[in-house]
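**Q** With the sequence up front, the predicted model follows.
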Amino acid sequence: MDAAGLTKLLSPEGWALLSGLPPYDEGRTMAISEQLRRDGVDPDLVAAALTQSRLRARAHAKLDTFADGMLFTAAGLEQATRLTVAAHHARRYVDAGVTRVADLTCGIGADALAFAGVGLAVLAVDRDELTAALATVNLRHFPDAVVRHDDGLTLDLRAEGVDGVYADPARRVTSGRRVWDPAAYEPPLDAVQALTAQVPALGIKVGPGIPHGALPPDAETQWVSVGGDVVEAGLWFGPLRTDGPGRSALVLRAGSALAVRDEGAGQAAVGAVGSYLYEPDGAVIRAGLVSQVARDVDGRLVDPTIAYVTADALHDTPLATAYRVVDTLPFGLKRLRTYLRERGVGRLTIKKRGTAVVPEQLRKQLDLRGDAEATVVLTRVGGSQQVLVVEPVTPPASIGEVA
């Protein structure tokens, strides 16, 4: 969308058209577009409204019903923080005693929306004029949220009365490829980190693939997962750190939230596969806290280089998904094919870690037949390639060991 399209959408006719569209349905889009044009509606306005309808439908996964009153660009929606995660960001600032936050790369305003929603005054800034205009629309219900088209790194933050700063540098180049090097962020990570000289309470959203070697030693780095998917990492400085510098993970599942920190558990022991296999949450793995899971379930690693934990008894932990181990066998295509055919397995879930096997290729080679279902884990156990036949476990209602 360009400035002309935004102007048309914000006209009384455009806003009424967008608000009156039915829930987005890809199969009906062409028919709706043709009908509106026959009715004499400006074709450019029709295209802009239908594009926003599509983006709003996609945005529900991140922003829930807030998306219904917002405007987006595809790139802005891609980078926008999920509202559940943004709420945790906002809570850090409140707990640190911050009163006015400068969101220096506000994008379409998802984080700024969360900041304003908990009563913080917000200065939302973006270098792109159209993006700043969209953020203005999206924050219109919050009188203490001010949006500015500017380069956030050039602001005199003290003069602005800011006592907390947040930034979400762009991590994609124009071709759409992800940027892994923090020095190639836009703006670069070092340039944003330098703002602590003005305002110590600084938070920076970074890609979850950031290597441990690139982590600032004075920051708390927290990886965040939502429903098992790792969505981001955040660097938190000064009073925004929950318990000093170090690595932590925030696991958000089914309305619950659990934060876990590196408590110096050390390397977990390695041992034989027991009755249960635990697959740690991705945020826990990225934070290097798999040993915490092993400690929680009184377990051990299946291999010193693999993030699977095994134990002899079932323990309830929100930090990992538990599986009951049905069988173990050395990896071999013929052996596995025979094993599955003898049990009539026609639908197979393949999980892997520490192996070059491509699941889709393996599934074709197995030539599955039958009505039964099974789950296999391809991994290293004590240095050798193994197949673990497992079945998902429904966690017990109470925390603790289950006989």
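**A** Nice, thanks for sending it over. Numbers count the residues shown, from 1 in each chain.

**Q** Geometric centre of this protein: which residue is closest?
**A** Closest residue to the average C-alpha location of the chain: Val231 at 1.4 Å, with Cα atoms, centre = their mean.

**Q** now the helices for this protein?
**A** Along the chain, the segments classed as helices by DSSP state H run 3-9, 12-20, 29-38, 43-63, 74-79, 83-95, 110-117, 129-138, 189-193, 282-286, 290-296, 333-342, 359-366.

**Q** what's next to the fourth one, contact-wise?
**A** In this case it means helix 43-63. In this structure, residues lying in contact with helix 43-63 by Cβ atoms under 8 Å, 6 or more residues apart in numbering are 1, 4-6, 8-9, 13-14, 17-18, 21, 23-24, 26, 29, 32-33, 36-37, 67-68, 70-74, 77, 80-83, 110. Backbone N, C-alpha and C define where each C-beta goes, glycine included.

**Q** Kindly report the same for the third one.
**A** If you take Cβ under 8 Å, 6+ apart as the criterion, helix 29-38 is touched by Leu17, Leu21, Pro22, Pro43, Val46, Ala47, Leu50, Arg54.

**Q** if we can go back for a sec, now the residue nearest to the centre of the chain: how far from Gly282?
**A** Distance of Val231 to Gly282, computed by Cβ to Cβ, to the nearest Å: 9 Å.

**Q** what's the overlap in contacts for those two?
**A** With Cβ under 8 Å, 6+ apart, Val231 and Gly282 have common neighbours Ser225.

**Q** give me the low-pLDDT residue ranges for the stretch 301-403 of the chain?
**A** 394-403 (pLDDT under 70).

**Q** The same query, at a cut-off of 50, please.
**A** Where the stretch 301-403 of the chain drops to pLDDT under 50, the residues are 396-403.

**Q** re the thing from before, so which of the helices of the chain is nearest Leu153?
**A** helix 189-193 (6.0 Å; Cβ to Cβ).

**Q** tell me the average confidence for that closest one?
**A** For helix 189-193, mean pLDDT rounds to 95.

**Q** now the strands for the stretch 201-350 of the chain?
**A** For the stretch 201-350 of the chain, strands defined by DSSP state E, counting those that start in this stretch occupy the ranges 202-206, 220-226, 229-236, 246-253, 256-261, 276-280, 300-301, 309-311, 314-315, 320-330, 345-353.

**Q** mind checking how far stretch 283-293 is from the chain centre?
**A** Distance of stretch 283-293 from its chain centroid, counting by Cα atoms, centre = their mean, to the nearest Å, is 16 Å.

**Q** Tell me which helix or strand in this protein has the weakest average pLDDT.
**A** Across the helices and strands of the chain, mean confidence by mean pLDDT, DSSP states H and E is lowest for strand 401-402: a mean of 32.

**Q** Relative to Arg148, how far out is Gly109?
**A** To Arg148, Gly109 is 12 Å away according to Cβ to Cβ.

**Q** between the two, what contacts are shared?
**A** Here Gly109 and Arg148 have Ala124 as joint contacts, going by Cβ under 8 Å, 6+ apart.

**Q** Looking at these two, which one has more neighbours?
**A** Taking other Cβ atoms under 10 Å, Gly109 and Arg148 do not tie; Gly109 has more neighbours (30 against 17).

**Q** What are the neighbouring residues in contact with the more buried one?
**A** Applying Cβ under 8 Å, 6+ apart, the residues near Gly109 are Met70, Asp103, Ala124, Leu134, Ala135, Asn138, Leu139, Val147.

**Q** Please report how far the residue nearest to the centre of the chain lies from Trp15.
**A** 31 Å.

**Q** what does Asp25 give?
**A** In this view, Asp25 and Trp15 are 21 Å apart by Cβ to Cβ.

**Q** same question, Asp229
**A** Asp229 sits 34 Å away from Trp15, going by Cβ to Cβ.

**Q** again, but for Arg353
**A** Arg353 is 50 Å from Trp15, by Cβ to Cβ.

**Q** quick one on the thing from earlier: doesn't Gly207 make contact with the residue nearest to the centre of the chain?
**A** No - using Cβ atoms under 8 Å, Val231 and Gly207 do not qualify as a contacting pair, with a distance of 10.2 Å.

**Q** check contacts around the residue nearest to Pro182 when sequence neighbours are not counted.
**A** Leaving out its chain neighbours, the residue that sits closest to Pro182 by Cβ to Cβ, 6 or more residues apart in numbering is Leu189, at 3.7 Å. Applying Cβ under 8 Å, 6+ apart to Leu189 gives the contacts Pro169, Pro182, Ala183, Ile204, Val206, Ala214.

**Q** any chance of the contacts of helix 29-38 in JSON lines, plus distance to Ala269 and neighbour count?
**A** Listed next are the contacts of helix 29-38 as JSON lines, based on distance: Cβ to Cβ, whole Å; neighbours: other Cβ atoms under 10 Å:
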{"residue": "Leu17", "distance to Ala269": "64", "neighbour count": "22"}
{"residue": "Leu21", "distance to Ala269": "59", "neighbour count": "16"}
{"residue": "Pro22", "distance to Ala269": "58", "neighbour count": "8"}
{"residue": "Pro43", "distance to Ala269": "67", "neighbour count": "10"}
{"residue": "Val46", "distance to Ala269": "64", "neighbour count": "21"}
{"residue": "Ala47", "distance to Ala269": "61", "neighbour count": "16"}
{"residue": "Leu50", "distance to Ala269": "58", "neighbour count": "19"}
{"residue": "Arg54", "distance to Ala269": "51", "neighbour count": "16"}
